[in-house]
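Quick check, what structure comes out for this input:
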Amino acid sequence: MNMRDSYRSLSLLLGFFSVQMSVRGTEVNIAGWGTAIQSTLYYNWFPKYALDGISSSCSHTTTQTLPWWRLDLQKSYSVNRVSITNRLDCCSERINGAEIRIGDVPSDVFSNPVCAVVSTIPAGQTSSYSCNGMQGRYVFVDINEASRILTLCDVGVFVIFPDNLATGKNVTQSSTFSSWIPEQAVNFNPGLSDPSTGCSSTTSQTDPWWRLDLGHIYQVSAVVVTNRLDCCPERINGAEIHIGNSLENNGNNNPICAVISSIPAGVSATFVCNNMEGRYVNLFIPGDLKFLTLCEVEVHGRGPCLKQSLVKLKLNSSISLSEVRLLTQLESALAQRGFSDVTLRWTQLPKQEVMRKKLVQAQCAQTKR
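Next comes the predicted model:
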């Protein structure tokens, strides 16, 4: 038999055909990320009750001149809109004339620009006010009149975050400190006011890591990492960002996008990855007695990538030519390299033996709806 007649190809059709959504971003209510105070306190109607999502529990000032309520978001955001829920039981007219202000001046309410003025809100109802991206750390609700009471039963502050490939994806880490689970690094909450509910963290260990599984291969343009605000910002120093398709050494052997020298407390730093291709995004700190704490991780890029690869193999025996057995072995080998969502089929059944050829890397194409 001519050896060339024994060459048969096996087409590996990688099933990366999920639809890429065309939305430009995700709107998130970030009011609960901050802390609230108010000008005066009526009995136990605390300012935080306007943030608990329960319309029957409200904040309440005493009767005073220029009553106000202030939310500190811990950092400056571009605010898309603000919502206010009025009380249901009585006195719905008290909210009339309230001003919504957004800015960066915490000590002087009226130095911050006005987003909107509330004309009226029916009892128990919620009204939304567009702020068109006004920038600020503080959100005020005030009434610029004498002998007024300010009652707020719920306040929402909505921000549009850019498309983030990490949203809704599976994450894991080398160990977990208390309740600081890995999912808290991709929950849209940077945990600046309460890191235990917004940040992930490993225990103190050798070579801690955190890994994001994008599910498919993407071209990653940038990774954004937010450091904790309350303490220990130096713990992130030396962290490496790895992107690739291998799970060897838990994914920490994949190519490096960047090494984090430092990130100031509470700051989000962007690391450009120049469209590196990969399914897994790892953050990894080499060394002994290290904590890896992440208060938010964003991954930006495009995809998923559509790939079709051709591979030729040399088999050790005719037994290996069993169609089912060979495909099972190939699926197992590919899964070890990060290709778990694949469909394998024969384009032509092999007769005797085939020669091994290096896997061909195809171009990455963006899926379109």
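
Tell me the secondary structure of the nearest residue to M134 once chain neighbours are set aside, please.
With Cβ to Cβ, 6 or more residues apart in numbering as the criterion, M134 has its nearest non-adjacent residue at 4.4 Å, and that residue is I102. Just so you know, the C-beta spots here come from the backbone N, C-alpha and C atoms, and that holds for glycine as well. Under DSSP: H, G, I helix; E, B strand; the rest coil, I102 falls in the strand class.

Surely I102 and S130 touch.
No: in this structure, I102 is not within contact of S130 by Cβ atoms under 8 Å, at 11.7 Å.

the more surrounded of these two?
I102 (26 against 13; other Cβ atoms under 10 Å).

dump the residue contacts of the residue nearest to M134.
79, 82, 112-113, 115, 131, 134-136, 138-140 (Cβ atoms under 8 Å, 6 or more residues apart in numbering).

for those, which one is nearest W45?
Comparing these against W45 with Cβ to Cβ picks out F140 as the nearest, at 17.9 Å.

my guess is H60 contacts K48, does it?
No: in this structure H60 lies outside contact range of K48 using Cβ under 8 Å: 11.9 Å.

neighbour count winner among those two?
Set H60 next to K48 and count neighbours by other Cβ under 10 Å: H60 wins out with 24 against 15.

From E240, how far out is S78?
According to Cβ to Cβ, to the nearest Å, S78 stands 30 Å off from E240.

On the pLDDT front, check K368 for me.
pLDDT for K368: 44.

What of R228?
For R228, pLDDT reads 95.

if I look at it, how far off is N250?
In this view, R228 and N250 are 23 Å apart by Cβ to Cβ.

Looking at the two, which one has more neighbours?
Taking other Cβ under 10 Å, R228 and N250 do not tie; R228 has more neighbours (23 against 19).

show me the contacts for the more buried one.
By Cβ under 8 Å, 6+ apart, the neighbours of R228 are 191-192, 195, 199, 265-266, 293, 295.

Return the closest of those with respect to V272.
C295 (20.5 Å).

What is the neighbour count of the residue nearest to that closest one when sequence neighbours are not counted?
Leaving aside its sequence neighbours, C295 sits nearest to C199 (Cβ to Cβ, 6+ apart; 4.1 Å). Neighbour count of C199, defined by other Cβ under 10 Å: 26.

Which parts of this protein are helices?
195-198, 323-336 (DSSP state H).

rank those by mean pLDDT and give me the bottom one.
helix 323-336 (a mean of 67).

Was I right to think E298 contacts V220?
No: contact between E298 and V220 fails when scored by Cβ under 8 Å: they sit 10.8 Å apart.

Please identify which of those two sits among more neighbours.
V220 (25 against 21).

who's the more buried one bridged to?
M276, G301 (DSSP bridges).

Tell me how far it lies from N249.
Relative to N249, and taking Cβ to Cβ, V220 is found at 19 Å.

Among the contacts of I102, which one has the most neighbours?
V139 (28 neighbours).

Is it in contact with R101, as I believe?
Yes: using Cβ under 8 Å as the test, V139 is close enough to R101 to be in contact (7.4 Å).

Cross-check the contact I'm expecting between R148 and T63.
Yes: R148 is within contact range of T63, at 7.0 Å (criterion: Cβ under 8 Å).

Looking at the two, which has the bigger crowd around it?
Taking neighbours as other Cβ under 10 Å, R148 and T63 compare with R148 leading, 18 against 12.

Now do the phi/psi pair for D207.
phi 50, psi 60 (degrees, to the nearest 10).

Could you check how many residues crowd around it?
As a burial measure, D207 scores 16 neighbours (other Cβ under 10 Å).

Tell me which residues touch A222, please.
270-273, 299-301.

Please pick the buried ones from those residues.
Neighbour-count burial (16 or more other Cβ atoms under 10 Å) applied to these gives 273, 299-301.

Let me know the closest of these to V186.
Among these, V299 lies closest to V186 (Cβ to Cβ), at 8.8 Å.

if I look at that closest one, how far off is V159?
Taken as Cβ to Cβ, the span from V299 to V159 is 18 Å.

Same check on S261?
The value you get for S261 to V159, if Cβ to Cβ is used, is 28 Å.

Who has more neighbours out of those two?
Between S261 and V159, V159 has the larger neighbour count (other Cβ under 10 Å), namely 21 against 10.

what about S127, neighbour count?
There are 16 residues near S127, going by other Cβ under 10 Å.

hmm, I was thinking of E234
Count around E234 with other Cβ under 10 Å applied: 11.

which one is it nearest to, not counting chain neighbours?
Computed as Cβ to Cβ, 6+ apart, the closest residue to E234 that is not its neighbour in sequence is S262, at 7.0 Å.

Quick one, grab the pLDDT at the one you found.
The model's pLDDT for S262 equals 96.

Next: P162.
Value for P162, per-residue pLDDT: 82.

Equivalent analysis for S174, please.
98.

Am I right that it is in contact with T206?
No: contact status for S174 versus T206: not in contact, 9.2 Å apart, counting by Cβ under 8 Å.

who has more neighbours, these two?
Per other Cβ under 10 Å, whichever of S174 and T206 has more neighbours is S174, with 19 against 11.

Could you measure from that one over to T203?
9 Å.

now do I143
Per Cβ to Cβ, I143 is found 49 Å from T203.

ok, those two, which is more surrounded?
I143 (24 against 15).

so that one touches R101, yeah?
No: using Cβ under 8 Å, I143 is not in contact with R101, being 11.6 Å away.

quick revisit: just the buried ones from the contacts of R228, in PyMOL syntax?
Applying 16+ other Cβ under 10 Å to those, the buried members can be selected in PyMOL as follows:
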select buried, resi 191+192+195+199+266+293+295
